[in-house]
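1. could you look at this predicted model? Sequence included:
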Amino acid sequence: MRFYVRKRRTTPAVIIVALIDVLIVLVIFLLVTTTFKQQPALRLTLPESSQAKKAGANDKDTLEVSIGKDGLLRFGQNADVVTVEQLTGKLRDAVAQHPDVTLAINADENAPWGKVVKVRDAATDAKIKSLIAYTKDTAKP
């Protein structure tokens, strides 16, 4: 009788280094393909206008005032909440530094109209000559 000696099988080894390499490639792929979109601090529904113009590249001396549907005034890129009196003071300071500054009103469609008029009055008091109102294009049929 012949007895066969079974050879012992070695336990399969998992190569961790290769798995880590694949994982790093996947993470890099996800980082490269993901777009990071800047979300505005204040969501506004702009009114539609058929006469809307595109913002130009020469809008570097533009101050921005946002009016939400709650009626709060927010000034500048940081969207600091201000009152009408504070806004008038900040606009006067900006005109003192740059006399040809432009004021852009970014008002929600449902913002109180009285707040828009007060912002316009504050701009007139600060002697701002140019005023812009942001709108969106009308939907194409």
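-> Structure's in. What do you need? Residues are numbered from 1 along each chain as shown.

2. could you report the neighbour count for Gln97?
-> Using other CB atoms under 10 Å, the number of residues around Gln97 comes to 8. (Each C-beta comes from the backbone N, C-alpha and C, glycine too.)

3. the chain: strands as residue ranges?
-> Counting by DSSP state E, the chain has these strands, from start to end: 48-49, 62-67, 73-75, 80-82, 102-107, 130-133, 136-137.

4. turn the ones you listed into CSV, including distance to Ile20.
-> Shown next, in CSV, are these (distance: least, CB to CB, whole Å):
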stretch, distance to Ile20
strand 48-49, 53
strand 62-67, 47
strand 73-75, 47
strand 80-82, 47
strand 102-107, 48
strand 130-133, 54
strand 136-137, 48
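
5. pick out the shakiest of these, pLDDT-wise.
-> Confidence, taken as mean pLDDT, is least for strand 48-49 of the strands of the chain (a mean of 64).

6. closest one to Phe3 among the strands of the chain?
-> strand 136-137 (87.5 Å; CB to CB).

7. would CSV of the strands of the chain with mean neighbour count and distance to Ile24 be doable?
-> Formatted as CSV, the strands of the chain follow (neighbours: other CB atoms under 10 Å; distance: least, CB to CB, whole Å):
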stretch, mean neighbour count, distance to Ile24
strand 48-49, 12, 48
strand 62-67, 20, 42
strand 73-75, 20, 42
strand 80-82, 13, 42
strand 102-107, 20, 43
strand 130-133, 14, 48
strand 136-137, 13, 43
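
8. for Ala123, which of the ones you listed is the nearest?
-> Among the strands of the chain, the nearest to Ala123 by CB to CB is strand 102-107 (4.8 Å).

9. quick one: contacts of that closest one?
-> With CB atoms under 8 Å, 6 or more residues apart in numbering as the test, strand 102-107 has contacts from 44, 46-47, 59, 61-67, 91, 115-116, 119-120, 123, 128, 130-134.

10. name the strands paired with that strand and say parallel or antiparallel.
-> Using DSSP bridges, the strands paired with strand 102-107 in its sheet are strand 62-67 (parallel), strand 130-133 (parallel).

11. restrict the shortest one to CA atoms and write it as PDB.
-> In this case it means strand 130-133. Output in PDB follows, covering the C-alpha atoms of strand 130-133 (Å, rounded to 0.1, in the frame of the first residue of the first chain):
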ATOM      1  CA  SER A 130     -24.800 104.500 -10.100                       C
ATOM      2  CA  LEU A 131     -27.400 101.900  -8.900                       C
ATOM      3  CA  ILE A 132     -27.800  98.300 -10.200                       C
ATOM      4  CA  ALA A 133     -30.600  95.900  -9.400                       C
END
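
12. fine by me, thanks again.
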